Every structure is written in structure tokens, then in C-alpha cells.
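> The following block contains a protein sequence and its predicted model.
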Amino acid sequence: MMRILKGLIKLILVVTPLLVMAIGGGMLWLSRSQAPVDGEMQIAGLSAEVSIARDGNGVPHIKAATRADVAAGLGFVHAQERLWQMEVSRMAGQGRLSEMFGAATIDTDIWLRTMGIHEAAVASLAVMDEDTMAMLEGYARGINAWMTRNPQAFSSRLPPEYVILGYEPEPWSPEHTLTAIKMMSISLAANLDEEALRLGFYRMGFSEAEMLDLLPYVDADNPPPMPDLRILLGLDSGEIGADVTTAAVSRFGEVEALLGTGASNNWVLSGERTASGQPIVANDPHLLLSAPSIWYLAHLEVTKEFDEPRRLIGVSLPGTPYVLLGRGNDIAWGFTNTATDAQDVFVERINPDNPDQYLAPTGWVQFGQKEETIKVKGGDARVFTRRWTRHGPVLPAGFKHFDKLLPENTVAALQWTALANDDTTALVGPRLYAMQTVEDFQNGFDAFLTPMQSMVVADRSGNIGFVAAGRVPQRDPANRLMGRAPAPGWNAIYDWRGYAPYAALPRQTNPESGVIATANTKIVGPDYPLHLTFDWEEAYRQQRIDSLLAEPGELHSMAASHRMQADIYSPAFAGLNPRMLALLDQSALSAEEQGLAAQLADWDGMMAREQAEPLIFMAWLRAAMIATFEDDLGITFKNWMRARGKVMERLVDGQTARNWCDVTDTSDEESCSEIFTRSFSSAIADLKTRYGDDASKWRWGTAHYAKGGHRPFGEVGLLRRFFNVEVESSGGPFTLDRGYTQFYNDDDPYANTNASSYRGIFDLSDLDRSTYIQTTGQSGNVFSGHYSDFAGLWANVQSIEIPSTGVEEPDGLWTLSPGE
């Protein structure tokens with residue numbers, strides 16, 4: 001026995017060092033998958049040499065003779081730094097995630113494949129012009145050159161994710177770039193949620209007044225009454241089924257979390273309003289946080305195609321060859337999501353005698369259909385039939401609970417501008433280099449179709465302007481739904497009547513006020529003739545911007561814009577908090593709870609990460625919304641559940657059409673005072689479970705950490721701490737420094753999942769003083785020092801500069817030259 005024991009000890013002493021050496025060697029091999037800081041490569045198809053100098057922040061300064069060559073340089077560095085991120089984007093657009101991730105993403109693939117995003121991208125290649133195709137092809141050339149290189153000694157050719165998953169990428173091609181552009185429309189989709197919710201509310205028998213309690217319009221709108229969907233669509237009314245509850249988990253949760261999560265702020269001031277005497281532009285788009293960031297900073301310079309070198313500096317989208325937000329030689333610009341209603345759900349009636357047909361205004365017609373095969377890593381392929389109608393793709397059964405809400409023998413089809421086969425949005429990218437004036441910018445975006453954006457711009461001549469560019473459906477005047485709820489597909493009144501002409505879209509130039517600002521709420525006045533949407537964002541952020549810009553005092557400066565982007569005052573919660581406190585029955589609270597309520601009474605509405613009050617209030621608001629509405633809304637509750645300022649104001653002010661606070665399964669009628677008092681106690685108990693019994697140690701930042709989630713390792717045990725980029729953050733859903741939370745997520749309801757993905761500020765008096773920041777770092781390689789080095793700066797609302805003069809002492813220099 002002793003001999004065996006000694007043998008085991010010797011074996012362990014031998015094997016353990018070997019195992020440690022093997023792990024260490026493997027980690028070293030993976031870490032060397034990072035791009036060398038310096039190098040040279042020949043690439044067939046380049047017209048001349050391309051230089052790539054990286055500064056100390058990892059930002060590449062790419063100089064080339066032509067736009068096609070600079071696109072190749074950007075493709076090369078995107079592949080060096082963000083190849084995995086690009087891979088996930090293009091595979092998602094093709095509905096092929098399950099080839100990488102296995103069965104977990106089958107339903108996501110079904111939805112994405114059903115939309116036909118990649119097919120639409122391929123079709124849109126036919127409307128690309130020569131300059132755009134040259135950039136698309138150049139970009140693919142740069143990516144493929146890096147992917148197919150001979151790697152340095154003892155290193156992986158591909159980033160760690162490929163190695164861990166045992167996955168090999170395919171060559172990049174221009175349609176993959178168009179697919180990546182279309183995927184941006186997915187995250188900025190608007191109105192589909194509201195259509196599904198209104199359908200559900202009608203299905204459950206709510207009156208229009210009750211629906212307005214739940215989905216109020218902005219104060220500036222007064223839409224016409226909607227037709228009764230129960231009559232229009234033949235809906236049943238009442239209980240949906242005892243087996244269908246609010247706890248029902250959607251098979252399409254990943255898609256639903258992505259849809260419609262975009263918001264933003266931007267503003268531009270004329271020189272009369274600024275200390276420098278020249279315009280100032282500021283922009284911070286709020287998008288889903290990820291690791292790495294959705295954006296990649298870059299400085300691109302084209303030296304030969306124009307009468308002088310032309311530069312673009314700002315954020316690029318990996319997978320595309322363009323600077324989408326930033327500055328040129330003579331202009332600076334920023335976008336916010338307009339959230340125009342560019343989606344309509346149509347209820348299609350199936351022929352009871354032939355399930356391959358649906359009802360059109362002319363009679364029964366055939367569904368379009370195609371059998372799709374989803375390959376699944378480690379499992380059997382999933383085969384399904386994708387169908388479409390004259391309006392668009394038939395949504396998968398179960399999505400948004402349409403299968404439970406619609407009448408029998410019907411399906412829901414989606415018409416959406418993002419699915420256009422003639423999408424010319426990519427044509428704008430090459431044009432940006434030549435734009436010198438506000439007028440150039442406004443006219444040059446006529447090709448931009450989706451997603452519609454509210455764009456502010458200024459030029460060095462002192463002009464400021466605005467244009468909302470995108471494809472806007474026009475609807476029949478007899479269509480009283482106006483995109484607010486699913487329409488009967490068999491009635492031609494609800495069909496789109498083409499699109500609004502570009503010249504008729506909202507536009508301003510040099511307004512007398514000297515300021516233009518947008519924040520996703522209503523951007524047009526009552527006299528504007530076209531219908532954009534009735535589902536604008538709540539106006540709190542817009543009102544806060546307007547109030548700050550209207551404050552008397554010193555002329556505006558970049559520092560003032562910085563303070564605005566860092567603003568964490570929540571006008572919604574500052575107004576709601578005292579009204580909720582007034583409902584509390586103090587006698588029903590413990591002494592500790594009374595003390596915490598007193599803390600809230602002294603709270604100034606600042607969503608500061610070091611304070612406890614924002615966390616206490618958010619927990620109370622969440623608990624109150626669950627206790628008030630969950631029993632009434634059933635399966636629609638989680639889709640509806642988010643911080644809703646106007647809804648809660650109407651509720652606590654007693655201005656609702658019914659007593660939502662009454663619990664449906666009790667004999668007594670509960671008051672809102674009872675519900676809010678109980679909710680306060682339950683919120684405090686929940687916070688103790690999550691963050692400990694000592695309330696003095698609670699901090700908003702602990703719960704409200706910015707969750708830069710990696711795909712797919714961000715939710716995988718120990719890997720999460722290595723691959724996610726997480727940092728404490730301030731702000732909330734209604735602050736300018738925005739931090740959106742997923743209230744419906746019981747496991748992590750306060751994490752900051754959607755925030756300012758990029759911040760840029762530009763003074764046209766000296767564009768080289770412009771400031772920029774994105775959320776994580778330039779590299780997508782977890783071993784890189786630039787993987788998360790921006791996160792602290794971003795959380796503290798600090799920035800970097802990227803001067804157009806280039807890099808005096810580069811951290812690295814690559815030279816690309818024409819090859820065979």
C-alpha cells in the first residue's frame with residue numbers, strides 16, 4: 001500500500017508541473033493571437049501603400065490614397081482587433097448562430113432566418129454604386145488578408161473564442177458588410193412592442209382609456225381613437241388560458257432583449273451661443289452594452305481622390321468600412337434614433353381549406369415559402385419552413401405571444417423598411433469624405449433608408465442643421481390604426497402607400513434659436529403633414545436638455561456639453577418620488593423602513609453611483625409596478641415591464657381609468673396606498689437579500705454596474721469575469737447619462753444594460769480638440785491591454801482626443817503595400 005501511495009505522489013509531482021506548463025503554454029499561445037504592434041504585408045488589389053499608425057490609446061490612424069484603400073486598411077485593423085465580434089454579427093444576420101453556439105440559439109436563428117436579413121443584403125448589392133462597391137470590396141480585402149496570414153511563431157492565427165469553440169471563419173465578402181449594417185436596424189427597431197402590447201390589451205378586454213393608462217402618448221400628441229381590434233380582427237376577449245401566466249418564458253427572449261433598445265441624445269449650438277464663436281456638436285447614442293464595445297474609434301485619411309487630403313475621425317462599426325459618427329475636415333455630426341414607425345404587423349387569415357393560402361384584398365393567394373435548415377453544433381439540424389406574405393415575413397409562432405393572442409387560423413406578418421431589397425444606406429459612407437457644409441450633409445443623406453435617424457450637423461462656416469433621414473411609410477388617411485396595432489392583412493386600406501419623399505422629411509437650417517437638440521421624443525410640430533409615429537419616447541431627457549441649454553449665464557463651451565453628457569439628474573424620479581412617498585402608510589412600516597423612507601424624502605433625484613437612494617427608489621418602483629400591474633397584464637406584463645414615468649405619475653395622481661392597484665384575486669378592493677406601502681416593505685426585504693442587511697452599505701453603483709456582456713462567454717461561470725467588461729455606473733432610465741435596466745430580469749433587475757455607447761463633443765473652431773470615448777477598449781482580444789482600458793474613463797464621463805495631425809510617436813506601425 002505504501003508503495004502504491006509513494007507511486008501516486010511521484011506521479012502527481014511529475015504530472016502537476018507538466019499540467020501547469022501545458023496550461024501556461026496554451027495561454028501564451030492564445031495571448032500571442034494579438035496582432036503584433038508593427039508589421040508589413042502585401043495585399044493584392046491595393047492601388048498604393050497604406051500606413052496604419054496606432055496611438056497610445058490603440059486608435060489607428062490610417063492613411064491611404066483612395067477610399068477603397070483606406071477601407072482595406074480599416075478592414076485589416078478591424079480583423080486584427082474585432083474579428084470575433086464581426087463573426088458573431090454576420091452569423092447572426094444569416095441566422096447561423098447555432099453553428100457556433102449549439103442548440104441554445106436555435107430559436108434566435110429561426111427568427112433571424114425568417115426575417116431574411118442576409119437575403120435582403122445580398123439583393124441590395126444590385127443598387128450599390130461604383131464608389132461604394134470599391135469600398136466594400138476593399139474592406140473585405142483587408143479582412144481576408146489578416147485572416148489568411150501566416151501567424152507569428154508560436155501563436156494562434158485566430159482570437160481565443162475561435163479556438164475555444166473550435167470554429168473556423170469563412171472569407172468576408174461585401175454582402176456581409178451590408179448584413180452588418182442591417183443588423184443595426186434590429187437594435188433600433190421601434191413600435192413592434194407597442195403593436196403587440198395593444199393587441200394583448202384588446203384581447204384581454206381593456207378599454208381604450210385603460211390602454212392609455214398603460215401606453216400613454218406624449219403630451220404633444222393627440223391621436224385619433226383606434227378602431228376596436230376585437231371587431232376589426234375578430235378577437236376573442238377575456239381570459240387567455242389558465243396555463244398561460246406572466247411567468248411564461250419566451251423562446252425568443254434573446255431577440256426581444258435586442259429589439260428596440262436604442263435611444264440617444266444630441267445637440268448643436270450656433271456660434272452665437274458658444275464661447276468660441278463657432279458651433280458645438282455633442283452626441284451620445286444609447287445602445288446595448290457589449291464586450292467589446294459596439295464601436296471602434298478610428299482616424300481615416302484619403303490623400304489622392306480629392307483636391308486635398310480628406311479625413312474622417314470618429315466611431316466605426318466593426319463589419320463596415322465607415323466612420324458613422326464623428327467629424328470630417330469641415331463638419332461634425334451626431335445621430336439619435338428617430339424611432340419612426342417603420343414596422344407594421346399584419347394579421348393574415350389562412351384559408352381553412354388550404355393552409356398554403358392566405359386572404360388578400362383580391363382573394364386567396366399563396367404564401368411564399370422556403371424550407372430552411374439550421375445546422376446545430378453538437379446536435380441534429382433543425383428544419384423549418386419560412387413563410388412570407390405580400391407584406392413580409394410570417395413571424396414565428398410564439399413570438400410576442402401572437403399565437404395566443406390572435407384568432408385561430410391567422411398568423412402575424414411583419415412589414416419593415418429594414419427588410420428592403422433595395423437598401424441604399426451604404427451609399428452614404430463614401431460620400432462623407434466629400435461633405436464640407438451642412439447643406440452637403442443634408443442632401444447627401446438622401447440614400448440613407450434605415451434605421452431612420454435624427455441627425456444634427458455643423459460646419460466650419462458657422463452653419464448648423466438637422467435632418468431626419470430614413471424611409472418613412474405613408475399610410476391611407478382612412479387607416480385609423482396608423483401603425484399602432486396589428487392590421488387586417490386582407491383589407492387594402494391598411495396597406496402602405498409608398499414612402500415619403502426625402503425632401504419632405506423633417507429638416508432645419510440655422511434656426512433663429514441657435515440650437516437644435518433631439519432625444520428620441522417628438523421632433524415635429526403639430527403642423528408637420530407627415531405621420532412619423534405615435535410611439536415617441538417619454539420626453540424627460542428632451543426637457544432636461546432644453547432646460548439646461550436655456551439656462552442664463554456664460555456662453556456654451558465643450559466643458560458645458562461635457563457636464564450635460566454627465567448629468568445624472570432624473571426629472572422623472574424627482575417628480576415621482578414625493579408623490580409615491582405621500583401614499584406610504586408610515587404606521588405600517590418598521591422603524592428601519594421609516595428611516596429609509598426619510599432618506600428618500602431628502603433625495604435630490606441624482607442617480608449617483610455612490611448613493612443608496614437611487615437603488616432604494618428603483619427597487620420600490622419595481623416592486624410597486626409588479627404588485628400593481630402583473631395580475632392585470634398576464635402574459636403581456638414582461639413585455640410591458642420597464643420604468644414608465646408617465647404611467648406611474650397618472651397612477652399615483654389618481655388619474656387612471658380604473659383602480660389598477662386592486663388585486664384581482666381578492667374580495668376586497670385594495671388602494672394604491674396599501675399596495676405602495678406593502679411594496680416598500682417588500683422592496684427593502686429584497687434589497688437585503690441581494691445586497692446584505694446593512695442598508696448603510698447599499699450603493700446604486702453596485703447594483704447598477706455597466707454590463708458589457710461578451711458573446712457567448714459573458715454568461716459562462718468563471719469565464720464571465722475574464723470576458724465581460726463591468727464597471728460601476730451612475731445614471732438611470734431618464735437621465736442624460738443614461739443607464740437603462742431590465743426590470744423584468746428577476747436575477748439582475750438593476751444592471752445597466754443600455755447606456756451611452758459613445759460620447760463625442762466637437763467645437764468647430766478647432767476640430768482637433770474634439771473628444772471621444774467608447775465603453776470598453778479598442779481591442780476585442782481579452783489578452784490585450786486595450787480590451788477594457790476605456791471602461792474607467794467612460795464610467796467617469798472622461799474622454800480622449802484624436803487629432804488629425806496623426807501620431808508623432810506611434811505605439812505601432814503597419815505598412816500594407818500592393819501585392820500579386
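Sure, I can see it.

> mind showing which ranges of the protein have poor pLDDT?
Applying pLDDT under 70 to the chain flags residues 1-3, 5-29, 154, 241-250, 260-261.

> what's across from the residue nearest in space to the middle of it in the sheet?
Against the mean C-alpha coordinate of the chain, by Cα atoms, centre = their mean, the closest residue is Leu287 at 3.4 Å. Per DSSP bridges, the residues bridged to Leu287 are Ala755.

> and it, what is it in contact with?
Applying Cβ atoms under 8 Å, 6 or more residues apart in numbering to Leu287 gives the contacts Ser187, Thr261, Gly262, Ile294, Asn754, Ser757. Yep, even glycine has a C-beta here, placed from its N, CA and C like the rest.

> mind listing the helices for the stretch 51-200 of the chain?
For the stretch 51-200 of the chain, applying DSSP state H, counting those that start in this stretch gives helices covering 67-93, 98-101, 106-115, 117-124, 130-147, 160-165, 174-187, 192-203.

> Can you say which of these is packed in most?
For those, the largest average neighbour count (mean count of other Cβ atoms under 10 Å) is found in helix 67-93, namely a mean of 26.

> Pipe the helices of the stretch 51-200 of the chain into a markdown table and attach distance to Leu813 per row.
Converted to a markdown table, the helices of the stretch 51-200 of the chain look like this (distance: least, Cβ to Cβ, whole Å):
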| stretch | distance to Leu813 |
| --- | --- |
| helix 67-93 | 12 |
| helix 98-101 | 34 |
| helix 106-115 | 40 |
| helix 117-124 | 35 |
| helix 130-147 | 16 |
| helix 160-165 | 25 |
| helix 174-187 | 26 |
| helix 192-203 | 47 |
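
> Could you tell me how many residues sit around the closest residue to Asp768 other than its chain neighbours?
Excluding its sequence neighbours, the residue lying closest to Asp768 (Cβ to Cβ, 6 or more residues apart in numbering) is Pro803, at 4.2 Å. Counted by other Cβ atoms under 10 Å, the residues lying close to Pro803 total 16.

> Okay, Pro803 and Phe76: tell me how far apart.
Pro803 sits 22 Å away from Phe76, going by Cβ to Cβ, to the nearest Å.

> thinking again about what came up before, looking at the helices of the stretch 51-200 of the chain, which is nearest to Asn266?
helix 174-187 (16.7 Å; Cβ to Cβ).

> tilt between the closest one and helix 117-124?
Interaxial angle of helix 174-187 relative to helix 117-124 (axes from the mean of the first three to the mean of the last three Cα atoms, to 10 degrees): 130 degrees.

> what angle separates helix 174-187 from helix 67-93?
Using the same axes, to 10 degrees: helix 174-187 against helix 67-93 is 60 degrees.

> Packing partners of helix 174-187?
Applying 3 or more Cβ pairs under 8 Å, 6 or more residues apart in numbering; DSSP states H and E, we find helix 174-187 packed against helix 67-93, helix 117-124, helix 130-147.

> now the strands: where do they sit in the stretch 451-600 of the chain?
Using DSSP state E, counting those that start in this stretch, the strands of the stretch 451-600 of the chain run over 453-459, 464-469, 473-475, 487-488, 496-499, 507-509, 515-518.

> Now render those as CSV, adding distance to Pro352 and mean neighbour count.
Below are the strands of the stretch 451-600 of the chain laid out as CSV (distance: least, Cβ to Cβ, whole Å; neighbours: other Cβ atoms under 10 Å):
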stretch, distance to Pro352, mean neighbour count
strand 453-459, 44, 27
strand 464-469, 44, 24
strand 473-475, 30, 19
strand 487-488, 17, 23
strand 496-499, 28, 12
strand 507-509, 50, 15
strand 515-518, 48, 24
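
> Could you save those as CSV and add columns showing distance to Arg650?
Formatted as CSV, the strands of the stretch 451-600 of the chain follow (distance: least, Cβ to Cβ, whole Å):
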stretch, distance to Arg650
strand 453-459, 27
strand 464-469, 29
strand 473-475, 29
strand 487-488, 28
strand 496-499, 33
strand 507-509, 33
strand 515-518, 26
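
> of all those, which lies closest to Gly363?
Closest to Gly363 of the strands of the stretch 451-600 of the chain, according to Cβ to Cβ: strand 487-488, at 14.7 Å.

> helices or strands up against the closest one?
Under the contact definition 3+ Cβ pairs under 8 Å, 6+ apart, strand 487-488 sits against strand 343-351.

> Walk me through which strands the strand it packs on pairs with, and which way each runs.
Going by DSSP bridges, the partners of strand 343-351 are strand 354-360 (antiparallel), strand 410-416 (antiparallel), strand 487-488 (parallel).

> Just the CA trace of it, in CSV.
Extracted C-alpha coordinates of strand 343-351, given in CSV (Å, rounded to 0.1, in the frame of the first residue of the first chain):
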residue,chain,number,x,y,z
GLN,A,343,-42.9,48.5,-38.9
ASP,A,344,-46.4,47.3,-39.3
VAL,A,345,-47.8,43.9,-38.1
PHE,A,346,-50.5,42.4,-40.4
VAL,A,347,-52.8,39.7,-39.4
GLU,A,348,-53.1,37.3,-42.2
ARG,A,349,-56.2,35.0,-42.4
ILE,A,350,-55.4,31.4,-43.5
ASN,A,351,-57.6,29.6,-46.0
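
> can you list contacts of stretch 762-770?
When contacts are defined by Cβ under 8 Å, 6+ apart, stretch 762-770 is touched by residues 271, 274, 276-282, 313, 326-327, 329, 332, 458-460, 462, 557-558, 760-761, 801-805.

> same question, stretch 88-102
Contacts to stretch 88-102, defined as Cβ under 8 Å, 6+ apart, come from residues 87, 104-106, 108-115, 117-118, 121, 165, 167, 172, 176, 179-180, 182-183, 318-319, 372, 374-379, 382, 711-712.

> re the thing from before, format the strands paired with strand 343-351 as JSON lines; extra columns: distance to Tyr705.
Formatted as JSON lines, the strands paired with strand 343-351 follow (distance: least, Cβ to Cβ, whole Å):
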{"stretch": "strand 354-360", "distance to Tyr705": "47"}
{"stretch": "strand 410-416", "distance to Tyr705": "34"}
{"stretch": "strand 487-488", "distance to Tyr705": "42"}
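
> Can you say which of those strands is nearest to Gln508?
Using Cβ to Cβ as the measure, strand 410-416 is the one of the strands paired with strand 343-351 that comes nearest Gln508, at 27.8 Å.

> quick one: that closest one to chain centroid distance?
On the basis of Cα atoms, centre = their mean, to the nearest Å, strand 410-416 is displaced by 23 Å from the centre of the chain it belongs to.

> Could you point out the helix or strand that follows that strand?
Per DSSP states H and E, strand 410-416 leads on to helix 428-431 as the next helix or strand towards the C-terminus.

> CA-only coordinates of that next one in PDB, if you can.
Coordinates of each C-alpha in helix 428-431 appear next as PDB, following Å, rounded to 0.1, in the frame of the first residue of the first chain:
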ATOM      1  CA  VAL A 428     -23.700  57.400 -47.800                       C
ATOM      2  CA  GLY A 429     -20.400  56.100 -46.400                       C
ATOM      3  CA  PRO A 430     -18.200  57.100 -49.300                       C
ATOM      4  CA  ARG A 431     -20.000  60.500 -49.600                       C
END
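
> For His562, see how far away the residue nearest to Asp768 is.
Per Cβ to Cβ, Pro803 is found 18 Å from His562.

> do the same with Lys697
Lys697 is 31 Å from His562, where distance means Cβ to Cβ.

> what about these two, which has more around it?
His562 (17 against 10).

> excluding its backbone neighbours, what's nearest the more buried one?
Setting aside the residues directly before and after it, His562 is nearest to Ile761 in space (Cβ to Cβ, 6+ apart), at 6.2 Å.

> Can you name the residues that contact that neighbour?
Taking Cβ under 8 Å, 6+ apart, we find Ile761 in contact with Ile280, Val281, Ala282, Met558, Ser561, His562, Gln565, Ser770, Thr771, Ser799.
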